[in-house]
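In: Structure, please.
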Amino acid sequence: MPDVDLEQGVRSAVGAKVPGIVVMVVGEEGIGARFAWGLADAISRRPMAIDDAFPWFSMTKIATATAALRLVERGTLRLDGPVAPLVPAVRFVTPVAWAERITVRHLLQHSAGLRNPIPVRWVHPADQPGPEPAAFLERLLRKHRKLRFEPGARSSYSNLGTLTLGSAISDAAGAPFESVVHIEVLAPLGMSRTAFGFMASSAAATGHHPRYSPMRLLLPRWVNGPSSGRWMSLQRFLVDGAPYGGLIGTAEDAARLVRAHLRDGELDGIRILTPEHARDMRHVNTRGKRYDLGLGWFLPARQRNANPPFVEHLGGGAGFFNVIRIYPSAGVGVVVMGNATSYNIDRVAQLALKFAS
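Out: Prediction:
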């Protein structure tokens with residue numbers, strides 16, 4: 001169907017809840033439909049462009065998980081091996097007997113039992129350095145040291161768990177985490193407009209939050225930018241802790257990652273994962289209250305009976321809300337990136353099935 005029909009569907013789904021949005025509908029062979037709508041910046045009134053970059057936030061976790069499985073396949077990282085020898089800060093976690101049993105698999109499945117402190121202030125200005133990764137992780141594990149449950153008992157989403165996984169990846173590879181993801185995932189897939197920071201060569205959408213929402217008071221004051229109408233714009237920031245949410249890039253690059261997973265780990269003749277591991281990532285076998293987990297991809301618990309079934313990963317934070325979703329049985333994926341903190345992203349993602357051909 002023509003992209004104009006997709007635009008009409010998205011307009012109906014989101015109304016005025018987001019200044020601008022980019023949508024990509026993908027199949028195994030390429031992008032079936034794409035469009036950008038609305039404003040990239042409500043203050044300057046700059047229109048949204050298809051190649052605008054967005055903070056990925058937690059969608060980054062799929063890149064992190066993919067990098068981890070790449071190292072597992074190479075024998076550099078053990079999927080069911082303990083992470084404590086790789087991550088010194090795990091020594092602060094209690095009970096010690098449980099902490100010593102935490103594995104890479106547990107961290108991928110969010111089943112390690114680690115807590116999930118609200119990361120709303122884990123940010124720093126985009127033009128300033130963030131905290132040193134090992135020190136940042138140690139501070140968090142010291143503060144949130146007690147496990148919520150025995151590793152492997154169930155899943156409970158934890159950004160702290162993915163930070164721990166990132167530290168294990170870095171130690172095992174002998175390189176900074178960001179470099180590992182670039183070498184193992186971004187470069188092989190041709191994701192040249194995605195990085196752990198804003199790229200001078202790419203325009204970026206501005207984040208927006210409802211001007212009068214009390215949630216804005218939770219943000220560091222320096223994040224708050226000019227306002228226009230119902231929207232308060234946000235100054236550029238980066239998250240503290242690249243593994244759980246640090247990527248910034250375009251929807252088209254995100255679509256390349258989605259296509260690689262739709263194709264069981266291969267894209268344009270480059271194989272980044274074995275079919276077995278690609279399927280394991282989206283094989284949901286660990287249940288939780290909010291999400292059921294595979295080795296990275298998840299399924300919202302309230303949609304366990306979705307037809308056709310899907311797996312996804314959201315990427316939400318101050319000023320932006322995104323999702324990558326895969327319908328494996330239909331061979332369809334979708335990327336949605338919008339520059340508001342909240343809107344009905346599920347309705348937009350559901351449109352993928354209608355505009356896949």
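In: How much space separates the residue nearest to the spatial centre of the chain from Thr250?
Out: Geometric centre of the chain, nearest residue: Met59, 1.2 Å, by CA atoms, centre = their mean. Going from Met59 to Thr250 by CB to CB, to the nearest Å gives 12 Å. The way it works is simple: take the backbone N, C-alpha and C, and place the C-beta from them, glycine included.
In: thought Arg230 was touching Arg211?
Out: Yes: at 5.6 Å, Arg230 counts as touching Arg211 under the criterion of CB atoms under 8 Å.
In: Low-confidence ranges, the chain, go.
Out: Applying pLDDT under 70 to the chain flags the ranges 1-4, 356-357.
In: quick one, which residue of it lies the farthest from its center?
Out: Distance from the C-alpha centroid of the chain, by CA atoms, centre = their mean, peaks at Ala97 (30.8 Å).
In: A helix includes that residue, no?
Out: Yes: judged by DSSP: H, G, I helix; E, B strand; the rest coil, Ala97 forms part of a helix.
In: Just give me the neighbour total for Asn54.
Out: Not Asn; residue 54 is Phe. Other residues lying near Phe54 total 28 when counted by other CB atoms under 10 Å.
In: Please name the nearest non-neighbouring residue to Arg236.
Out: Leaving aside its sequence neighbours, Arg236 sits nearest to Ala126 (CB to CB, 6 or more residues apart in numbering; 3.9 Å).
In: wouldn't that neighbour be in contact with Phe237 here?
Out: Yes: counting by CB under 8 Å, Ala126 does reach Phe237; the two are 5.7 Å apart.
In: Of those two, which one has the most company?
Out: Phe237 (24 against 15).
In: so the closest residue to the more buried one other than its chain neighbours bridges to which residues?
Out: Counting by CB to CB, 6+ apart, Phe237 lies nearest to Val123, which is 4.4 Å off, once chain neighbours are set aside. Beta-bridge partners recorded for Val123 (DSSP bridges): Val239.
In: And Val123, how close does it get to Gly317?
Out: According to CB to CB, Val123 stands 9 Å off from Gly317.
In: Common neighbours of those two, please.
Out: Val239 (CB atoms under 8 Å, 6 or more residues apart in numbering).
In: and the nearest residue to Ala112 once chain neighbours are set aside, which of the three is it?
Out: Spatial nearest neighbour of Ala112, excluding adjacent residues (CB to CB, 6+ apart): His106 at 4.0 Å. Counting by three-state DSSP, the backbone at His106 sits in helix.
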